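Visitor: Let me see the structure of the following:
(one chain, ligands or ions: 1)
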Amino acid sequence: MKALIFIGMLGASAFAEDLCKQPSPEEMAKDAGVKLPPSPWHVANIWWDFEKPVEHFTSLEVDVTIDRDVPSDYNLYISPCGIAKINGLQFYGGIQTNINGWATKESRERVHRGKGGIFSRWSSDKTTPIGLDHVRTVAEDCLVESAGYEGEFASVRRPYAWTKGTYTWCITKGATEGENTWFNCTIRDSKGAVYEVGSLRFEGSDFTFWEKHSAFVEVYSTSKIPNSGIPKVNVTFGWPRLNGQKVPLKKVHAYYPDKGGPDSPDCAWVKAEGENCVVEVGPIFKRDEAKRRHDLVLGSKTRSVSKISSKDATALVDTNDAADLKDWGGKAGTLCVVWFPKIAALLPSEGFTSPKEVALYFDPAMKGVAHAANGKITISAAFVRAHSDDWGMVVHELTHVVQAYPAGGPGWLVEGIADWVRIVHFEPQAPRPKVTRLASYKDAYKTTAIFLEWCEKEHGAGLAVKLNAALRAGKYHEELWQLNTGKTVDELWADFAKTFSN
Ligand SMILES: [Zn+2]
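Guide: Residues are numbered from 1 along each chain as shown. Coordinates of the predicted model:
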């Protein structure tokens, strides 16, 4: 009985559907009447031409979406950084179905580790050897290599089980040590989880990124899989971001190399889709030579902003750069419309009329959570994907829009009042955060919020409203606590701290 079940399971996994499956390259080449060039095959190259080089380079980020699972019995290299140069020093990287390299800096034994990330650089002239002192691993499972078979290079690779989905491949400037600077390679998934690949050292401390960028999709050869099939797959590359900004572009084009290498049998097309470039890899065919190089016109996508209104308030929701958050954004907009008048009523002051319109923008590149300025709330798309029930965050940010305080007030109190609205009024049932004697009312956010809640319970309601009015008028001073409660803020905190269990 047991054996039967085992055979059944084996059967299921052995015949799991391979959505990338195509006839072998040899069969497809024969059918198309073409000859296969030697491996590796760059099935498509994309070039973005910038308006100008980017000075004081600190980061490169490119989003990559793979539309199906690519089994690691193919050798597929998806490179969102096909060639890049900083101060003339060349590097590249991306994700592969089969990383390989030396298991340690001391070892010269080649090991194969399946799916992973890769980051490589060449020596300044590509002929002077570059040693492994240019490589820093971040974990025991990192692989390294430094060799000269493709020009003298040093490289770090690390296993990473990528699947179908969206990832952001990043290079970030790290520490400068003497004359050299480390650059760190990471892969961020669509929920914002960051995975480190490793670091490489570059000569210099201030870098200029050249005036272009490239990406490619490659079918390569390894000693483990010398003759890989060509997987049917669509790979989408986003608009390159440098130093956190989309780079202004002059033009974008695709190129399918057939001479001058690395040459490929023709099996891919690149299409512009909104701001992205989509590489569609499929069967081998004979390309019209006039289409070996062609332009890609990006940005034709029209941006649509959805407007959610009541008689008291309006929210303008922009999820164009995070289309998967359209529903969430709509709910957040509705929440803002409902809570705008409530927050305005909670935080009144003489002569003040609350704004009635807020813009919500979901930022695909933003780290952190959210911020509000000038009637606009910017929310990290990655944060929302990982915390899809955090509606209180929206109420907190909306409170900043209603606060409309001039600069200069104490930040801890501004944040404390925003969280006072959030937890006392929007989430009254939510458990209060545990605060210890090591805390301070200046800790901001929830600590300050529950301190305000306690002060109002002990010394009468209205303190938060008075502090709000003073902050908004630019007249906040610490004596306000004593004027309204009979005790200084430090005395109040000391009383509050007596209620803590530790
Ligand atoms: Zn805040």
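
Visitor: Residue ranges in the stretch 201-350 of the chain under the pLDDT threshold?
Guide: 300-302 (pLDDT under 70).

Visitor: which residue does it bring closest to the ion?
Guide: Going by Cβ to the ion, the ion is nearest to residue 343 of the stretch 201-350 of the chain, at 13.2 Å. Glycine gets a C-beta too; all of them are placed from N, C-alpha and C.

Visitor: my guess is residue 493 meets residue 441, correct?
Guide: Yes. Applying Cβ atoms under 8 Å as the test, residue 493 and residue 441 come out as touching, 4.8 Å apart.

Visitor: the more surrounded of these two?
Guide: Neighbour totals were compared for residue 493 and residue 441, and residue 441 leads with 22 against 18 (other Cβ atoms under 10 Å).

Visitor: ok, now which ones touch that one?
Guide: 412, 416, 447, 448, 451, 489, 492, 493, 496 (Cβ atoms under 8 Å, 6 or more residues apart in numbering).

Visitor: Can I get the strand or helix carrying residue 279 in PDB? Just the C-alpha atoms.
Guide: Using DSSP states H and E, the element containing residue 279 is strand 276-281. Taking Å, rounded to 0.1, in the frame of the first residue of the first chain, the C-alpha atoms of strand 276-281 are listed here in PDB:
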ATOM      1  CA  ASN A 276       7.600  48.400 -19.500                       C
ATOM      2  CA  CYS A 277       9.400  46.300 -22.100                       C
ATOM      3  CA  VAL A 278       8.100  42.700 -22.500                       C
ATOM      4  CA  VAL A 279      10.300  40.000 -23.900                       C
ATOM      5  CA  GLU A 280       8.200  37.200 -25.400                       C
ATOM      6  CA  VAL A 281      10.300  34.100 -25.800                       C
END
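
Visitor: Tell me the secondary structure of the residue in the stretch 101-250 of the chain that the ion sits nearest to, please.
Guide: Distance from the ion to each residue of the stretch 101-250 of the chain (Cβ to the ion) is smallest for residue 192, at 19.0 Å. In three-state terms, and counting by DSSP: H, G, I helix; E, B strand; the rest coil, residue 192 is coil.

Visitor: go on, residue 487?
Guide: Under three-state DSSP, the three-state class of residue 487 is coil.

Visitor: surely it meets residue 495?
Guide: Yes. The pair residue 487 / residue 495 is scored as a contact, 7.2 Å apart, by Cβ under 8 Å.

Visitor: Paired strands for the strand holding residue 279, with orientation please.
Guide: With DSSP bridges as the test, strand 276-281 is paired with strand 233-237 (antiparallel), strand 268-273 (antiparallel).

Visitor: For residue 456, which of those is the nearest?
Guide: Of all the strands paired with strand 276-281, strand 233-237 sits nearest to residue 456, with 52.2 Å by Cβ to Cβ.

Visitor: just how off-centre is the following helix or strand past that closest one within its chain?
Guide: Toward the C-terminus, strand 233-237 is succeeded by strand 241-242 as the next helix or strand (DSSP H and E). Remark: strand 241-242 is offset 12 Å from the chain centroid, using Cα atoms, centre = their mean, to the nearest Å.

Visitor: Same check on stretch 296-311?
Guide: 22 Å.

Visitor: what do you get for stretch 75-86?
Guide: Using Cα atoms, centre = their mean, the offset of stretch 75-86 from its chain centre is 18 Å.

Visitor: any common contacting residues for residue 493 and residue 441?
Guide: The contact sets of residue 493 and residue 441 overlap at residue 451 (Cβ under 8 Å, 6+ apart).

Visitor: Strands of the stretch 151-300 of the chain, start to end?
Guide: Ranges of strands within the stretch 151-300 of the chain are 153-159, 165-177, 180-189, 194-203, 212-219, 233-237, 241-242, 245-246, 249-255, 268-273, 276-281, 293-296, based on DSSP state E, counting those that start in this stretch.

Visitor: same check, this time on the stretch 351-500 of the chain
Guide: Ranges of strands within the stretch 351-500 of the chain are 357-363, 370-373, 376-380, based on DSSP E, counting those that start in this stretch.

Visitor: Same list, these, but as a markdown table with mean pLDDT please.
Guide: Formatted as a markdown table, the strands of the stretch 351-500 of the chain follow (pLDDT from 0 to 100):
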| stretch | mean pLDDT |
| --- | --- |
| strand 357-363 | 97 |
| strand 370-373 | 94 |
| strand 376-380 | 97 |
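
Visitor: Redo the ones you listed as CSV? Include mean neighbour count and distance to the ion.
Guide: Listed next are the strands of the stretch 351-500 of the chain as CSV, based on neighbours: other Cβ atoms under 10 Å; distance: least, Cβ to the ion, whole Å:
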stretch, mean neighbour count, distance to the ion
strand 357-363, 22, 14
strand 370-373, 16, 7
strand 376-380, 21, 10
